[in-house]
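> Could you work out the structure for the sequence below:
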Amino acid sequence: MQATRPGIALPRYRPLNFGVRHVSLREGASGVRYLQATDPLGSYAERITDRLMHWAQVAPDRSFMARREQLPDGSTGDWQHLSYSEALQGARRIGQALLDRGLSAERPVMILSENSLEHALLSLGCIYAGIPYCPASPAYSTVSQDYDKLRHAFDTLTPGLVFASDASRFGRAIAAVVPKDVEVVMHRGHGGEGDTGKPSLELAGRPLTSFDGLLATPATPAVDAAMAATGPDTITKFLFTSGSTKMPKAVINTQRMWCANQVQIAQSLPALAEEPPVLIDWLPWNHTFGSNHNVGITIYHGGTLYIDDGKPTPAGMAETLRNLREIAPTVYFNVPTGFEAIAQAMQTDAQLRKTLLSRVRMFFYSGAGLAQPVWDLLHSIQEAEIGERIVMATGLGMTESGPSAMFINSPNVKAGDVGVPTPGMTLKLIEVDGKTEVRYRGPNVTPGYWRSAEATREAFDEEGFLCTGDAVQWIDEADIHRGLRFDGRIAEDFKLATGTFVSVGPLRARIIAAGAPYVQDVVLTGINLKEVGALIFPTQAVRELAGLAPDAPMKDVVESTPVQAQFQGLLDTLAASGTGSANRIARGHVVSEPPSIDRGELTDKGSINQRAVLKHRATLADALHADTLPFTLKPR
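Predicted structure coming up:
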């Protein structure tokens, strides 16, 4: 039955339960407030391997993970499955091999690989044996030309073993960064028996261990004893921050963080525990969203994760759409750029609509703000196809909070809403530079950064709360139980010469929404100047506007008359709604060179790094405000 308010018919949603309905607010000294869920945190496992062993016993033949076969020509074939029983036995054997090598937190395992079954098995082996590991961003090795971040990660952790999925892709980086006395394990390209991978010229003459060799190690009681010796304070992994202003920091992730957060997530979104979840997911495991959140949900609740080798890029979406036509998830996670591409594709792809919407209980986005027009398009497609909407959920968190600290608690939310704290999490709301910063304390919060006592001290306040730098405001001040809305990153905000603060997050979201589907992201300029400017990064949709050849350089595309006219109209529209210098875009420029992962301008998940862009494109920003930049747009 469709819910109604007096005189208003509310949209119908596919049923979804929310766990946190009420919160409590306590006033502290100097205007500080503390927000908590009224429901307490339930009990949670001491170690994530407890859940792996549980499912290996209860459902040994159930598929834990699957990935399409990687064919020699670079294409993908049929799904290859790894059962829970196989995952546990593989973890025991690999764990034994790692114990035999004397690895430890001081000499952990570093993984250079995209998501794969081998990556998963090696990770589980490390966790089972109580040996920390670090999944380093593949971009550190395959996109970077100087390997500075990979070298920094290696120097920070001093790994005793490095695993790479493919010698031809990672060989050059390994040769440049990894000392010759550190063992290198290779899945493809190791040169051993049965190897179909291409060797690396850079690694010629260097001994390489095959992944299959690790997997063939007989497990002994020693590895089971090592697992039994692990506990809530045992380090499972190190995850590096994005490093927006400094070199990335190694966030310590413990068993307690991971397990507590899984129960917090399930209490906030009970659908995840109501049946074994089925996920199809591309999100990289060097990020907390892909690894702690999504892999954690799979292990904790006995689900199945299909590894998607696609990405929300023009080149990668074809594989993602192929997979979504075949695999029907029960919950689906992605970043805003991914949902935008899927929404566009669903308008004309009947099989995609049929499969994706057949049993999905919830969509969930993170990593950046989802533009309301994309949200609205998804809902209109859903209503036409299945007669109801799918809840678009989100929350707020970070690598240091394992990751989830907050979730929405109603289907009736809008872009920017992040909701209420998870059970067991205390939010501290404190005024900073005219905004309200949210700070975290709970069992899912990291104890600190590895080998960086100073950074750890700086991250926590005098009460032990993690300082996030995220700003929030009430969705409805008259009803605190609706929770909070994201209000941007405090570190991104800046002052104009007039002393007026520019709130970057909300203004950027407004530009992206108004510019859909042609605006991928925006970086705001004008620090200590009189006006706000915008460096606009376009989507590939502008190519259709330009009317040029499909392979035309992006510079020619963005400088074409139709594209410039489109963005001129955008600035005119924004100017008409601006109420002052801090929220009026006085000048803009459409950037032809996309943000760079190598320079830290873009994360692996596709979210923009405002400060990194301003640092590396300072000359461009200066020229925009000095009126010396060609193709500068100004409101008419």
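> all contacts plus neighbour counts: C-alpha atoms, from now on.
Fine.
> And the residue nearest the centre of the chain, how far from residue 95?
Geometric centre of the chain, nearest residue: residue 289, 4.4 Å, by C-alpha atoms, centre = their mean. For residue 289, the distance to residue 95 (C-alpha to C-alpha, to the nearest Å) stands at 25 Å.
> strands paired with the helix or strand harbouring residue 163, and their directions?
Under the criterion of DSSP states H and E, residue 163 resides in strand 161-166. Note on strand 161-166: by DSSP bridges, its sheet partners are strand 109-112 (parallel), strand 183-188 (parallel).
> I'd like the C-alpha coordinates of that strand written as CSV, please.
The C-alpha atoms that make up strand 161-166 are tabulated as CSV, following Å, rounded to 0.1, in the frame of the first residue of the first chain:
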residue,chain,number,x,y,z
LEU,A,161,57.1,-10.2,0.7
VAL,A,162,55.5,-8.5,-2.3
PHE,A,163,52.8,-10.1,-4.5
ALA,A,164,52.0,-8.9,-8.0
SER,A,165,49.3,-10.3,-10.2
ASP,A,166,51.1,-9.9,-13.5
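> list the buried ones in the helix or strand containing residue 341?
Per DSSP H and E, residue 341 falls inside helix 336-346. Within helix 336-346, the residues scored as buried using 16 or more other C-alpha atoms under 10 Å are 336, 337, 338, 339, 340, 341, 342, 343, 345, 346.
> Quick check: the farthest pair among those?
Within the buried residues of helix 336-346, two members stand farthest from each other by C-alpha to C-alpha: 336 and 346, at 15.2 Å.
> can you pull out the helices in the stretch 51-200 of the chain?
84-100, 117-129, 139-142, 148-157, 167-177 (DSSP state H, counting those that start in this stretch).
> Over to the stretch 301-450 of the chain?
For the stretch 301-450 of the chain, the helices defined by DSSP H, counting those that start in this stretch cover 317-326, 336-346, 350-356, 372-386.
> my read: residue 511 touches residue 524, true?
No. Taking C-alpha atoms under 8 Å as the definition, residue 511 is not a contact partner of residue 524, at 10.2 Å.
> Same drill for those two, tell me which one is more crowded.
Comparing residue 511 with residue 524 by other C-alpha atoms under 10 Å, the one with more neighbours is residue 524, at 26 against 21.
> where in this structure is pLDDT low?
With pLDDT under 70 as the threshold, the chain has low-confidence stretches at 1-8, 243-245, 367, 498, 597-598, 604-606.
> Apply 50 and report the result again.
Applying pLDDT under 50 to the chain flags the ranges 1-5.
> Domains in it, by residue range?
For the chain, the structural domains run 11-40+312-325+346-488, 48-230, 493-625, going by automatic domain parsing.
> So for residue 237, which of those sits nearest?
Of all those, domain 48-230 sits nearest to residue 237, with 4.7 Å by C-alpha to C-alpha.
> okay, how far is it across the closest one, tip to tip?
Its start and end residues considered, domain 48-230 measures 10 Å (C-alpha to C-alpha).
> likewise stretch 143-159?
Terminal-residue distance, stretch 143-159 (C-alpha to C-alpha): 22 Å.
> ok, now stretch 104-115?
23 Å.
> when you give positions from now on, start the count at 24
Okay, using 24 as the starting number, the last item reads as stretch 127-138.
> Surely residue 250 touches residue 154?
No. Contact criterion C-alpha under 8 Å: residue 250 and residue 154 do not qualify, at 9.7 Å.
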